[in-house]
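A.B. asks: Can you look at this prediction? I've put the sequence above it.
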2 protein chains.
Amino acid sequence: MFETAEIGAKLSPKAFSKLKGPLRLGLIELQQQVLTADFPVILLIAGVPGAGVVDTLNLLNTWMDPRWIATTVFDTPSDEERERPLFWRYWRSLPKTGTIGLYLSGWYEDPIRDQATGKTSASEYAVQLQHIARFEQTLSDDGALILKFWMHLGKKAQKRHSDERREDTLVGLRPTDTSLALPGSYDALVKAGATAIRETMDDGAPWHIIEGTDDNFRRAAVLSILRDSLTRHLKQRQKAAKARKKELKQAIKKAKKIPPLAAAAKDENILDHLPMPKTSDKDYLRRFHALQKTIYDTHKLARAAGISSVLVFEGWDAAGKGGAIRRLSYALNARNYKIVPIAAPNDEERAHHYLWRFWRALQRKGRLTIFDRSWYGRVLVERVERLIDQNAWSRAYAEINDFEQSLVRNGTLVMKFWLHVTPDEQLRRFKDRKASPFKSWKLTEDDLRNRAKWGAYEAAVNDMVAYTSTDDAPWHLIGANDKNYARLRALEIVAETFVKALKHHKAGREARR
Amino acid sequence: MFETAEIGAKLSPKAFSKLKGPLRLGLIELQQQVLTADFPVILLIAGVPGAGVVDTLNLLNTWMDPRWIATTVFDTPSDEERERPLFWRYWRSLPKTGTIGLYLSGWYEDPIRDQATGKTSASEYAVQLQHIARFEQTLSDDGALILKFWMHLGKKAQKRHSDERREDTLVGLRPTDTSLALPGSYDALVKAGATAIRETMDDGAPWHIIEGTDDNFRRAAVLSILRDSLTRHLKQRQKAAKARKKELKQAIKKAKKIPPLAAAAKDENILDHLPMPKTSDKDYLRRFHALQKTIYDTHKLARAAGISSVLVFEGWDAAGKGGAIRRLSYALNARNYKIVPIAAPNDEERAHHYLWRFWRALQRKGRLTIFDRSWYGRVLVERVERLIDQNAWSRAYAEINDFEQSLVRNGTLVMKFWLHVTPDEQLRRFKDRKASPFKSWKLTEDDLRNRAKWGAYEAAVNDMVAYTSTDDAPWHLIGANDKNYARLRALEIVAETFVKALKHHKAGREARR
């Protein structure tokens, strides 16, 4: 793989100095354009020690405006990081739209190190790389420009360099920082690197292999690639934005219906088949009592066992999400849960991938994160209201499954509730709200607008269930015309999930003995 | 102190049910107003076990829209929290403008617990309470509505309650959650509570002592106080906003000069007395080399010793802040520092106290946080451009000192640099920038506008140095007409600070042996 980067490629000082001016100027102009563009730039630099990783970092910070480049080098994870899914620390570090995130080894550091030092098997490594590839694809699909550089030296050249403290007159006098280099013997490191490059080479997140024998050559290569990629990406994004706008406009103009993806037969919808049971007040009080106690007790154990939970409440307006969440919260220690209400994103959230704010909201180990509306807005309101194009929402099912799988891999319990009411019942509740001085504020224009699009939402819900109800993160559809029943049912599911998880946990512990 | 809350105050169910409707309605209307107001609400509830802390929390979440109330209960600090100044976790939890932050015990939990269980001396406790009072004052001065409730029970009543699992038919059936109550014997807890109330009772953050013997009485009392306080605060803030607007408008209209606070004699300014030394290129290279090595080596030790650093770079436009920061970064391991460029705040930042984003940016133990511009914007650009009124910026000196003292108490090294160039030199650099294709983007309209207000900025810098240069967090004024000299001087100061801190650290360690 690295043959092309072991040929001793050189660039004479004269040739470099001729290139330098226009290159630097081009990059400065491009950075100005990126500032107002609708995507972030992710630059990742890795490679063998001595090949110029740190020098490249410094050069970029010198040539471009460092105020728009945030450099990240991951350190030993903190406990806040360890107590969340693996990629949490990477998500929270991501640059926002219009800025550049510069990573030294980034999310490759741990996997490559563990592979190069023999801590992981080949198949474990393959799985890690697959997760990275999905992560990068999620970001690049959303428009991020991702460029990855592997700074290379042949074995002999590397030996020569590793003993030297190289002086760098262009950008300072900084010694090569060996503590930043990837570890392992040369051969093991290069083998692990080659595998990483092969497995995560993608159109949306390409690797560029650069020979680092000669500083001028390396610098010119990195900077030219950066310039060309920025130029191309800016053009593509502009074009894509125009096309997207046109498509959305036409679709709205023609009032084109969004075809359901998963419906088996015309107008067949899973929600139509949902039973609507009732529970008497007497039964409700009796069972509520017992369930609260079960939840309180089992969650105490789950917290002690470090089992985190993520709960999603979705449903029609006035279906009773808030009420159900509140009843659940009464059964929990306030130290142990966080309710995350989801409204329109703020500007920091809008400047990131749509999943970013949900990653950010995840609580520490053993806690419940309860989402009142969630990332499913992507395939519900954003789809129905045509806030995004069809590519974006049809891609979202896989992205969401990926996200939830990250939670599941971390041992997190994922429970998703759709509270279903019939149109008649919703109307009755709207009227109730309008009539009640305590509730009239709950009724908004949006509610009425959403109601008019009932059919489109039904199709979207059907698709959502079809594509995102998985074994590990199932959807629980609850007929919620009767509030007593709906609240009890939700609590029942939570209790059952805790009981099952604890049993599983106990069995696992005993098996390990 | 608690005599008035041990009289067995009661409210009949009939009287409560009469009050209930209007109260609830009033709160709902007020919450709607808060949503668009320019301040956050901080509600803190503490008290003796069994007095209804959790029930009050649940009631508030039931009566008001829980989507705008974020409940926070602090848990054992994570290492990310432990590795930062004590109040970091409290700052990062603060509600934004238009929302309500509900705290169970909040920042009082640890100090009251440690006092009630005999872990702290009376004087240690007094100091902790003083820090809390300053923290709350900073927030209330900025407009936050802070209300603190102490739920009380007399000794006998508490004994009676503590054995019961109280059933609460209004808001659920939740048992009193004893793990949320403050610990210690009744007498010790009440004594510590009384001290806390006495020492942190303030007009801007008052304590309300509520007897919790009777649920109806307690609920009515809390909710009425909340209603009345919200009403009053909303009115006051509206009035204050009008007055502020008028004052600023008049000041701008009359082009009223802002009088310097600290100048001893007219037009005397500390910057006029600053020497402007020069360093030859040869000397520069030689010493730069040595300094980089010293910084690299000493910071390695500082990192190992867990000594954090906060660096602030301020100065005239084109004074060379960016260049100096870059040279410093070359001397550091990229794992160990973060450069934080400060531009206009985003909307999340604007919805918090101005210090919030700086607290949030602080890095973990042993790292450097390097601010390229900083919180001093409050007393520089915001003062000079009249973005805030005189009360706000003259108050800011104390707030800033408080913030920096929080860092210092945590063992953090605070280094502040003002890079000074003369007007002539600045003009020369602006012309240079305009002429250079690599630098012209650096020159903005703002730069020219700021230049026109040189005198006003000089007065502001003079005041800033007068009021915020402290022993622990001194200002280093550097004559920066010569870039070689300025860069070297900044690095020298960093190196000296590290060397001194390490000596101090070593001496402390030996003394403890």
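C.D. replies: Good, I have the coordinates.

A.B. asks: Quick check: what element follows whichever strand or helix holds A:I210 along the chain?
C.D. replies: Assigning secondary structure by DSSP states H and E places A:I210 in strand A:207-211. In the C-terminal direction, the helix or strand that comes right after strand A:207-211 (DSSP H and E) is helix A:215-253.

A.B. asks: follow-up on the earlier one: now the strand holding A:I210: average pLDDT?
C.D. replies: Along strand A:207-211, the predicted local confidence has a mean pLDDT of 94.

A.B. asks: Off-centre distance for stretch A:54-72?
C.D. replies: 25 Å (Cα atoms, centre = their mean, to the nearest Å).

A.B. asks: Ends of that stretch, what's the gap?
C.D. replies: From its first residue to its last, stretch A:54-72 covers 12 Å (Cα to Cα, to the nearest Å).

A.B. asks: and the angle for the strand holding A:I210 with helix A:215-253?
C.D. replies: Angle, strand A:207-211 to helix A:215-253, by axes from the mean of the first three to the mean of the last three Cα atoms, to 10 degrees: 170 degrees.

A.B. asks: which strands and helices sit next to strand A:207-211?
C.D. replies: strand A:145-152, helix A:186-200, helix A:215-253 (3 or more Cβ pairs under 8 Å, 6 or more residues apart in numbering or on different chains; DSSP states H and E). No exception for glycine: its C-beta is placed from N, CA and C like everyone else's.

A.B. asks: Highest mean neighbour count out of these?
C.D. replies: Ranked by mean neighbour count under mean count of other Cβ atoms under 10 Å in any protein chain shown, those are led by strand A:145-152, which reaches a mean of 23.

A.B. asks: How far does stretch A:131-140 sit from its chain's centre?
C.D. replies: 9 Å.

A.B. asks: That should have said stretch A:414-429, apologies.
C.D. replies: In terms of Cα atoms, centre = their mean, the centre of stretch A:414-429 is found 28 Å from the chain centre.

A.B. asks: residue ranges with poor pLDDT in chain A?
C.D. replies: A:161-184, A:255-256, A:262-267 (pLDDT under 70).

A.B. asks: rerun that using 80 as the cut-off
C.D. replies: Residues of chain A meeting the criterion pLDDT under 80: A:1, A:66-67, A:158-184, A:251-268, A:513.

A.B. asks: And the one residue sitting closest to the centre of it, how far from chain B?
C.D. replies: Centre of chain A computed as the mean C-alpha position; nearest residue by Cα atoms, centre = their mean is A:L355, 4.8 Å away. Between A:L355 and chain B the computed distance is 18 Å (Cβ to the nearest Cβ, to the nearest Å).

A.B. asks: can you check A:E211 too?
C.D. replies: Taking Cβ to the nearest Cβ as the measure, A:E211 falls 23 Å from chain B.

A.B. asks: helices or strands up against the helix or strand containing A:V414?
C.D. replies: Following DSSP H and E, one finds A:V414 within strand A:413-420. Based on contacts counted as 3+ Cβ pairs under 8 Å, 6+ apart, the elements that strand A:413-420 packs against are strand A:309-315, helix A:321-330, helix A:390-409, helix A:454-468, strand A:475-479, helix A:483-512.

A.B. asks: Downstream of it, the next helix or strand is which one?
C.D. replies: For strand A:413-420, the succeeding helix or strand toward the C-terminus, using DSSP H and E, is helix A:423-435.

A.B. asks: got the CA coordinates for the helix or strand following that following helix in PDB?
C.D. replies: Proceeding N to C from helix A:423-435, the next assigned helix or strand is helix A:445-452, under DSSP H and E. Written as PDB, here are the backbone C-alpha positions of helix A:445-452 (Å, rounded to 0.1, in the frame of the first residue of the first chain):
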ATOM      1  CA  GLU A 445     -51.000  26.800  15.600                       C
ATOM      2  CA  ASP A 446     -48.600  23.900  14.900                       C
ATOM      3  CA  ASP A 447     -51.000  21.400  16.400                       C
ATOM      4  CA  LEU A 448     -53.800  22.400  14.100                       C
ATOM      5  CA  ARG A 449     -51.400  22.400  11.100                       C
ATOM      6  CA  ASN A 450     -50.000  19.000  12.000                       C
ATOM      7  CA  ARG A 451     -53.500  17.600  12.300                       C
ATOM      8  CA  ALA A 452     -54.300  18.600   8.700                       C
END
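
A.B. asks: Can you give me the buried ones in helix A:445-452?
C.D. replies: A:447, A:450-451 (16 or more other Cβ atoms under 10 Å in any protein chain shown).

A.B. asks: Same check on stretch A:374-385?
C.D. replies: Buried residues in stretch A:374-385, defined by neighbour count with 16+ other Cβ under 10 Å: A:374-384.

A.B. asks: Inside helices: which ones of those residues?
C.D. replies: A:381-384 (DSSP state H).

A.B. asks: Any chance of TSV for the residues you listed, columns distance to B:A324?
C.D. replies: What follows is these, written out as TSV (distance: Cβ to Cβ, whole Å):
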residue	distance to B:A324
A:V381	49
A:E382	46
A:R383	50
A:V384	53
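
A.B. asks: Okay, domains of chain A per the record?
C.D. replies: Per automatic domain parsing, the structural domains of chain A span A:3-244, A:270-512.

A.B. asks: The longest one spans what distance, first to last residue?
C.D. replies: When you say that, I think you mean domain A:270-512. Across its full length, domain A:270-512 reaches 42 Å between end residues, using Cα to Cα.

A.B. asks: Stretch A:431-448 too?
C.D. replies: Using Cα to Cα, one end of stretch A:431-448 lies 11 Å from the other.

A.B. asks: How about that stretch, which residues are buried there?
C.D. replies: By neighbour count, with 16+ other Cβ under 10 Å as the criterion, the buried positions of stretch A:431-448 are A:433, A:442-443, A:447.

A.B. asks: Those also near chain B: which ones?
C.D. replies: When the buried residues of stretch A:431-448 are filtered against chain B using Cβ under 8 Å from any Cβ of the partner chain, the residues retained are A:K442.
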